[in-house]
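Asker: Just a sequence and a predicted model for now, questions to come.
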Amino acid sequence: MRRPAVNALKALVVRQRRRMRESELAFILLALAAGIAAGWLTNLQGFLAHGIQQILYGVTGNRLSAIGEIRHPWRLLALPLGGLVLIGIAHLLRRRRRAPIDVVEANALHSGRIPFIDNLIISIQTIVSNGAGASVGLEAAYAQMGGGVASVLGQWFKLRRSDMRTLVGAGAGAAVGAAFGAPLAGAFYAFEIVIGTYTPAAIAPVIAAALGAAFITRQLGVEPYLIAASSTRPLTTPDYFIYALLGICCALVGILVMRLVTFTEIHVQKLTRIARWRPLIGGLLLMPLAWISPQSLSAGHGAMHLNLAMQPAIQFLLMVLAVKILSSVISLSFGFRGGLFFASLFLGSLVGLIFAQAVAMLPFGIELDPTQSALVGMAGVAVSIVGGPMTLALLILETTHDFALMGVVLTAALVSSAFTRETFGYSFSTWRLHIRGSIIRSPRDIGWMLSLTAGRIMRTDWVSVPATLPLAEFRARVPLGSTSKAILLDAADRYAGIVTTASAWNPNLDPETEVGTLATLADTSLAPATDIRAMIKAFDIAVADELAVVDGVGKVVGVVTERHARRRYFEEIEASQRELFGES
């Protein structure tokens with residue numbers, strides 16, 4: 001009886017998996033379930049991180065960065081203590097050969113597949129880092145766990161690649177939306193940051209996941225994240241030009257932060273003697289900065305509200321901006337885990353407040369509302385670092401309920417986004433992946449491109465001859481019309497170039513001439529692992545219609561023609577687009 005029951009259960013699972021792949025409604029319900037799970041996990045992670053802050057810093061009823069001063073300096077030992085915990089975690093993971101896969105990388109390279117242990121590692125490291133007070137946000141952990149749970153569900157149901165990527169994006173976006181009580185911003189986070197494109201087929205599941213996360217957050221009694229936008233100053237046409245200028249300033253700050261993080265991280269990694277102890281050293285370096293200004297602690301939620309309410313002098317704001325940037329750079333460069341999502345919002349609010357006061361000092365009689373300027377600056381810096389102009393514009397709308405502000409927020413966000421793309425070309429997440437050697441520039445799916453290699457599409461029926469062979473003997477071996485080209489090999493049977501049959505049969509050439517004297521492309525070849533994009537580029541640079549595939553010791557293993565490579569490239573693009581839009 002037991003075996004028939006097991007077989008019946010397996011058959012039921014197979015039917016449900018097939019239904020999930022074929023039914024749009026079933027897929028929407030699956031996305032809703034992923035969103036509810038993402039919302040619950042987001043609130044759990046936030047509760048754990050803030051609980052650690054309460055234990056270590058004695059914070060009650062307030063955000064860590066909003067405390068006026070550090071009354072007990074010994075509490076700052078929480079920073080190096082957090083570093084020690086991260087060192088312990090790294091020791092436990094010392095046998096792992098790869099870094100954990102984040103949601104952007106998973107969607108771009110791995111068709112949305114994320115091992116669940118990677119989600120736990122990233123989440124635990126981020127909670128410890130944020131809980132200890134390092135200048136990093138929890139949004140990276142929120143998105144990772146939300147997308148990770150969605151990935152587990154998608155793998156269990158064996159979803160198609162496009163559906164898997166949509167589900168992972170929906171889970172990640174739902175988590176971010178739940179963190180702010182902003183489902184629309186969460187949905188656009190999924191489209192712009194994780195999926196990389198808007199498609200009609202993805203709208204319903206992504207929105208369903210975002211609403212599910214918002215629902216569970218409300219059911220848990222967590223109030224939405226709101227910013228009081230008390231300004232009643234009407235916006236005029238000149239304001240759009242002024243805030244466009246603010247958008248450029250925000251982009252410059254965003255690029256500066258990304259460059260500083262990378263520059264510092266690269267130089268810190270060169271100090272191999274302290275490699276193991278980097279988080280501890282980073283925690284010690286953060287202590288004096290936190291003593292100077294507690295606003296440098298954590299992501300900056302409380303500090304941002306405090307500055308918007310009090311609107312301090314420009315000298316104080318400049319000091320906090322410098323300390324916060326330095327704290328973020330140290331935190332990320334010395335091994336603390338987390339993101340810059342909310343930290344970039346906080347930095348943007350500082351830039352906006354500074355911009356408003358600086359404009360007021362000019363002799364043009366222009367006055368900007370500081371609150372409006374801060375909100376525009378939030379979107380501008382966050383777009384530069386995180387990406388996603390619509391995500392940030394809707395986040396400002398949902399956290400302020402100020403529809404009149406949307407125009408200038410979008411203006412600054414789009415200017416900042418365009419300026420960053422034009423002069424820098426990356427968001428923070430893709431830039432860090434690029435530094436590690438990845439070719440990712442966006443979350444768009446390029447995994448198929450990496451798997452379409454020269455070794456996979458090459459021909460193995462080539463003709464080869466020694467490069468020292470006289471033309472007379474070559475003509476005897478390779479009759480005119482038998483093949484268009486031949487591969488030349490040196491005395492050690494290594495690749496020595498390509499010769500066209502027609503050139504070797506030129507009657508004006510001396511029959512005793514070595515065929516190697518006619519070799520072309522001797523310095524140009526493909527490796528078996530060369531991906532399709534690099535192949536196309538190699539053909540364009542060499543102006544060749546055929547290239548040899550050579551292994552690591554110089555042996556020829558195959559031949560790829562330009563025509564075949566381009567045909568396979570466009571076939572894969574068409575197949576990917578059909579899958580993306582759900583066509584059969």
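Answerer: In hand now; what should we look at?
Asker: okay, CA-based contacts and neighbour counts for the rest of this
Answerer: OK.
Asker: for the particular helix or strand that has Val557 in it, packing partners?
Answerer: Using DSSP states H and E, Val557 maps to strand 556-561. Using 3 or more CA pairs under 8 Å, 6 or more residues apart in numbering; DSSP states H and E as the contact test, the elements touching strand 556-561 are helix 454-457, strand 546-550.
Asker: name the helices or strands packed onto the shortest one?
Answerer: If I follow you right, that is helix 454-457. Helix 454-457 packs on strand 556-561, going by 3+ CA pairs under 8 Å, 6+ apart.
Asker: what about the strands in this structure?
Answerer: 464-466, 485-489, 495-500, 546-550, 556-561 (DSSP state E).
Asker: Make TSV out of these and add distance to Leu350, mean neighbour count and mean pLDDT.
Answerer: TSV is the format used below for the strands of the chain (distance: least, CA to CA, whole Å; neighbours: other CA atoms under 10 Å; pLDDT from 0 to 100):
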stretch	distance to Leu350	mean neighbour count	mean pLDDT
strand 464-466	67	19	88
strand 485-489	64	22	89
strand 495-500	60	23	89
strand 546-550	55	23	89
strand 556-561	55	22	88
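Asker: Turn those into CSV, including distance to Val359.
Answerer: Formatted as CSV, the strands of the chain follow (distance: least, CA to CA, whole Å):
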stretch, distance to Val359
strand 464-466, 73
strand 485-489, 69
strand 495-500, 65
strand 546-550, 60
strand 556-561, 61
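Asker: out of these, nearest to Leu256?
Answerer: Proximity to Leu256, assessed across the strands of the chain by CA to CA, is greatest for strand 546-550 (42.0 Å).
Asker: so the closest one versus strand 495-500, what angle?
Answerer: 160 degrees (axes from the mean of the first three to the mean of the last three CA atoms, to 10 degrees).
Asker: and for strand 546-550, what are the contacting residues?
Answerer: 454-455, 458, 487, 495, 521, 524-528, 539, 556-562 (CA atoms under 8 Å, 6 or more residues apart in numbering).
Asker: and it, how far from the chain's centre?
Answerer: 34 Å (CA atoms, centre = their mean, to the nearest Å).
Asker: same thing with stretch 159-179?
Answerer: 14 Å.
Asker: coming back round to it: can I get the helices and strands packed on strand 556-561 in JSON lines with distance to Ile532?
Answerer: Shown next, in JSON lines, are the helices and strands packed on strand 556-561 (distance: least, CA to CA, whole Å):
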{"stretch": "helix 454-457", "distance to Ile532": "7"}
{"stretch": "strand 546-550", "distance to Ile532": "13"}
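Asker: Of all these, which one comes closest to Asp163?
Answerer: helix 454-457 (25.9 Å).
Asker: circling back: any idea which of the strands of the chain gets closest to Gly196?
Answerer: By CA to CA (comparing all of those), the closest turns out to be strand 556-561, at 31.5 Å.
Asker: contacts for that closest one?
Answerer: Against strand 556-561 from outside (CA under 8 Å, 6+ apart): 454-455, 457-462, 494-495, 545-551.
Asker: Show me the shaky parts of this protein.
Answerer: 1-22, 61-62, 228-232, 427, 429-451, 569-584 (pLDDT under 70).
Asker: just to revisit the earlier point, CA atoms of the strand holding Val557 as CSV?
Answerer: Written as CSV, here are the backbone C-alpha positions of strand 556-561 (Å, rounded to 0.1, in the frame of the first residue of the first chain):
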residue,chain,number,x,y,z
VAL,A,556,43.9,22.8,-32.8
VAL,A,557,40.6,21.2,-31.7
GLY,A,558,38.2,22.7,-34.1
VAL,A,559,37.2,25.4,-36.5
VAL,A,560,34.4,28.0,-36.3
THR,A,561,33.0,29.9,-39.3
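Asker: so where do the helices sit in the stretch 151-300 of the chain?
Answerer: 161-180, 183-189, 200-219, 237-269, 278-292 (DSSP state H, counting those that start in this stretch).
Asker: by contact count, what packs against the first one?
Answerer: To tie it back to what came earlier, the one meant is helix 161-180. Helix 161-180 packs on helix 24-57, helix 103-109, helix 139-156, helix 183-189, helix 200-219, helix 562-580, going by 3+ CA pairs under 8 Å, 6+ apart.
Asker: quick one: it to helix 24-57, angle?
Answerer: Using the same axes, to 10 degrees: helix 161-180 against helix 24-57 is 40 degrees.
Asker: Tell me how far helix 161-180 lies from the chain's centre.
Answerer: 14 Å.
Asker: and the angle for that helix with helix 200-219?
Answerer: Going by the same axes, to 10 degrees, helix 161-180 makes 30 degrees with helix 200-219.
Asker: Count residues in the vicinity of Met145, would you?
Answerer: 30 (other CA atoms under 10 Å).
Asker: Roughly how far does it sit from Asn119?
Answerer: According to CA to CA, to the nearest Å, Met145 stands 6 Å off from Asn119.
Asker: Same question for Leu308.
Answerer: 35 Å.
Asker: Likewise for Leu235?
Answerer: Leu235 is 44 Å from Asn119, by CA to CA.
Asker: Pick out whichever of those two has more residues nearby.
Answerer: Asn119 (23 against 15).
Asker: so what's that one up against?
Answerer: Asn119 touches 100, 102, 141, 144-145, 148, counting by CA under 8 Å, 6+ apart.
Asker: go with 10 Å
Answerer: 100-103, 141-149 (CA atoms under 10 Å, 6 or more residues apart in numbering).
Asker: same question, Ile396
Answerer: 182, 185, 226-227, 229, 375-376, 378-379, 390, 402-403, 405-406, 409-410.
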